[in-house]
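> what would the 3D arrangement of this be:
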Amino acid sequence: MISVEDTPQPESRRSLIDVLVVVGALAASLALVWVLTRDPVLSAVFGGAMFVFAGLSFVLSRRGGEVASPDFAQPDWSVTVAAIERLDVAVAITDRAGRLTCANTVFETQFGVASAPPMLALDVPSQERLAQATRMALRDGQAACDVAAEAPAGLGPSLWTAQLRRAGRGDDFLIWTFTPQSAPDLVRGFVQHLEGGLGRGLARAGIAAALVEPDGTIQATSALFAEQAAGDPEASLAGSDFIELLARDEDDTISWAHSEGHGEPMVLYAVPVADPDTPDPLDETTTPSLMLAVPASQGIGARANGSGASPHLEALLAQLPLGLAMADRDGRLLFANSAFMRAAGREGEDAPTYPTDLVVREDKRALSEAIRRFAQGPSSAGDIAVRLSAQAEDPVSLSLAGVRGLGDAAVLLGLTDTSEETRLKRQVAQATKMQAVGQLAGGVAHDFNNVLTAILGTCDLMLMRHTPGDSDYDDIQQIRANSNRAASLTRQLLAFSRQQTLRPEVLQLPDVVADVAQMLRRLIGEKIELVVKHDRDLGPVRADPTQLEQVIVNLCVNARDAMQGRGDGSGKLTLSTRKVLTSDARTSRSEIIPAGDYTALIVEDTGGGIPPEVIGKIFEPFFTTKEQGKGTGLGLSTVYGIVKQSGGFIFAESEPGKGTRFVVYLPVYHPAPGAQVEADAPEVQAEAEPSQWAGGGRILLVEDEVTVRIIAERALLRQGYEVTCAEDGEDGLAKVEDVIAAGGGFDLVVSDVVMPSLDGPGMAREIRAIVPGMPVLFMSGYAEEQLRKEIGLANAWFMPKPFSVQQLSEKVGEVLARTAK
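Purely as a prediction, here's the structure:
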């Protein structure tokens, strides 16, 4: 406790000074009157009056001072120090000059008296907060903030809440109160549990427990601890020194001190009593520990023949599903269970000499330093990100914890097998990427179809003016042929993006395989053996048979190319179907495939296989491993799109040097109760064949692409139709309103689907509000089935892009023939 007391001036000294001041003033006044008047009588009278007045004033002032002056005692700081002396908070008082006036014992212990607040031993952010709080308290009268003190080791908490309050007659003093931030409830809860059910439960397992402060002082013990340490389960050991209760021999074996070397050896574990979710870092100098004393005979922590860890502990760790290993202080690997080696990608192998042998060269030094750091000093735990040599592309988190009392074992390493999680993440990332690429491919194909429609239409119109033998005829035909080839590429892109037109039917997968089997034998050649196998009781699937044939052909052609690239080009191609029940789907690929019944198509070859770094890209469009000019890279992407659009799933499994296996899962079709299978046939097939249209009619053509609109207009005009053109949906709607107002009308609306402002379906709905039942022919490069679901318009027809002049004329005539009355 410190204090600073003021020393008062003596009363006699102050009176003498007052008398001298009065006498000096009188003498000066009398001298001034004599200089000005030179009259001795006047000067004498003035001097006498002034002397009487001064005497009366002096007497009155002393009497008045004795009556009016308040009775303020001189400050006694020892009383203040006694008032602020508390054991739970640190209190200090400073004057306006910032000098430390007094402080209690807790403040002296935690912060010292070398510097007055706010100039305390704090970290930089805390000093800034305390300085700001000081300014606020001097201005507003009070303030508060949180600070972190660099307290001496073992001397209380390091986190404090500082409260400042202005006080004194002239508000010249600041009272500083520092309240420690601790977790009393957590520690108090441990004390209660340790003396109650927790202590009894640990005692049944032979474990004695005690709550110990960082300085070694015992707060509470279980009954078993008191019995083993003091020989009396009722003994109170609170306040005792924990270390004095133990004994250690030359082999570092720990036992109870009262047994005098005849007691059973034991192992100690220290568990910090702190909330792991707290944002503040764990402070080993202030956090109490739960000390667990376990007999060495129970197989935990005994030194095994002077080296390694306990064989009982190794046996225990070997049975755990967690990947655990132990290393000594020199970084040598003492033990690793099978789960650890499996997570490290070394399943079935012996543990290496050093843990660093499991990681890539760039991470060896960081791991070695981390093991050395956790092997020394107090027990602590942490994580480090490393790349395993078995899977260098994916960093993993390796947990490390310093352990004590386990013989040579100094560091416990934990590694979780994340191979399944990594595989699932890759599949999800691949599916997301494929979806994004599919949307991009579909948009590109749609725009490219408009260009191809204009090219094909122009070629058709030019061919009408040229005959075979003309100089330009062959060139025009070549342009048309290349355009058709480009159109087939766009159809493959639409297949990949799941936006092509499908004609689904309910069918049996073996029937589709049988239809293409003969063609496959010709495609794969004589050196490759084709084996076809079918499972029994296969469920029907709903898919487009033509597109399924395309899937089978593409997969088999890829398998043929893979086998022809090896040796003499011989091999075996197995094409099989299999029944997959709900239980099989759950156990095989439950993360990707929803539970249900499936019919699987399996295409397996004996080629060279697909490298692991390539297999994740095989379904991407334009990706190919073939030589330049020998592949478009759209074969497998088309397969992927057809399968996904049919509601199925496709997976590739490959092992380099042994071949590749593609598995296509198609959901089994379950018709609604009372429904007929034939009801799933396409609507187009159920319609009657239209009668031949003789020609003529008024047509509204709506197309935002100028070149396509010009080609379509010329094609329809050549067939004798009266054509009115519009450049978008709003323009088309205005044309209809104008014609209806003039008493006319249209027989058919031919419109694009995707247009700026008002799209084709929106325009059709607005037109039918004016003219109910108006037939509409949509031109689009997207899938007809998808458009029908999105548009939901009756009496509407579709024509896929790109189309020729003849195809457009025939489709318009067909629609007019169906709607003719």
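
> buried stuff in the helix or strand Arg365 falls within?
When elements are assigned from DSSP states H and E, Arg365 belongs to helix 361-375. Of all the residues in helix 361-375, those buried under the rule 16 or more other Cβ atoms under 10 Å are Asp363, Lys364, Leu367, Ala370, Ile371, Phe374, Ala375. In short, each C-beta sits where N, CA and C put it, glycine included.

> now what about it, what contacts it?
Residues outside helix 361-375 that contact it (Cβ atoms under 8 Å, 6 or more residues apart in numbering): 327-329, 331, 354-356, 359, 380-382, 384, 386-387, 398, 400-402, 410-411, 413.

> whichever of these end up buried, select them in ChimeraX.
Buried residues within the contacts of helix 361-375, by 16+ other Cβ under 10 Å, are selected in ChimeraX with:
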select :327,328,331,354,355,356,359,381,384,386,387,398,400,402,410,411,413
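
> now, which of the contacts of helix 361-375 lie within strands?
327, 381-382, 384, 386-387, 398, 400-402, 410-411, 413 (DSSP state E).

> output those in TSV, with pLDDT and distance to Arg342 appended to each entry.
Output for the ones in strands among the contacts of helix 361-375, formatted as TSV (pLDDT from 0 to 100; distance: Cβ to Cβ, whole Å):
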residue	pLDDT	distance to Arg342
Ala327	86	18
Ala381	82	23
Gly382	83	23
Ile384	86	20
Val386	87	16
Arg387	86	17
Leu398	87	15
Leu400	88	19
Ala401	87	20
Gly402	84	25
Ala410	76	24
Val411	86	20
Leu413	88	14
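
> for the stretch 1-150 of the chain, what spans make up the helices?
All helices of the stretch 1-150 of the chain, identified by DSSP state H, counting those that start in this stretch, fall at 11-37, 40-68, 77-84, 105-111, 124-140.

> so where's the stretch 351-500 of the chain uncertain?
Across the stretch 351-500 of the chain, the ranges flagged by pLDDT under 70 are 377, 405-409, 417-446, 488-500.

> mind redoing it with 80?
Scanning the stretch 351-500 of the chain for pLDDT under 80 picks out 376-380, 391-394, 403-410, 416-450, 454, 464-467, 469-471, 473, 480, 483-500.

> just the stretch 501-650 of the chain next, same as before
Short version for the stretch 501-650 of the chain, where the test is pLDDT under 80: 501-504, 546, 565-569, 582-595, 613, 616-617, 619-635, 637-638, 645.

> could I get the full set of strands for it?
Ranges of strands in the stretch 501-650 of the chain, per DSSP state E, counting those that start in this stretch, are 505-507, 528-534, 541-543, 571-580, 598-604, 649-655.

> right, and those strands - which one's nearest Leu246?
strand 649-655 (58.6 Å; Cβ to Cβ).

> past that closest one, which element shows up next along the chain?
The next secondary structure element downstream of strand 649-655 (using DSSP H and E) turns out to be strand 659-667.

> show me what that following strand is packed up against.
Contact here means 3 or more Cβ pairs under 8 Å, 6 or more residues apart in numbering; DSSP states H and E; on that basis strand 659-667 packs against strand 541-543, helix 545-564, strand 598-604, strand 649-655.

> nearest to Ser126, of those?
Ser126 sits nearest to strand 649-655 of all the helices and strands packed on strand 659-667, at 58.2 Å, using Cβ to Cβ.

> how far off centre is the closest one?
Strand 649-655 sits 28 Å away from the centroid of its parent chain (Cα atoms, centre = their mean, to the nearest Å).

> tell me the buried residues in it?
Those would be Phe649, Ile650, Ala652, Ser654, for strand 649-655 by 16+ other Cβ under 10 Å.

> just the closest of those residues to Gly457, please.
Comparing the buried residues of strand 649-655 against Gly457 with Cβ to Cβ places Ile650 closest, at 36.8 Å.

> quick one, what contacts that closest one?
By Cβ under 8 Å, 6+ apart, Ile650 lies in contact with Phe619, Val639, Tyr640, Val643, Lys644, Phe662, Val663, Val664, Tyr665.

> now the buried residues of helix 361-375 as a markdown table including distance to Val294?
Shown next, in a markdown table, are the buried residues of helix 361-375 (distance: Cβ to Cβ, whole Å):
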| residue | distance to Val294 |
| --- | --- |
| Asp363 | 35 |
| Lys364 | 35 |
| Leu367 | 30 |
| Ala370 | 27 |
| Ile371 | 25 |
| Phe374 | 21 |
| Ala375 | 21 |
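
> and the residue lying closest to Met563 once chain neighbours are set aside, bridged to which residues?
Spatial nearest neighbour of Met563, chain neighbours left out: Gly571 (3.4 Å); criterion: Cβ to Cβ, 6 or more residues apart in numbering. In this entry, Gly571 is beta-bridged to Ile528, by DSSP bridges.

> from what I see, Gly571 and Val531 are in contact.
No. Counting by Cβ atoms under 8 Å, Gly571 sits too far from Val531 to count as a contact (11.0 Å).
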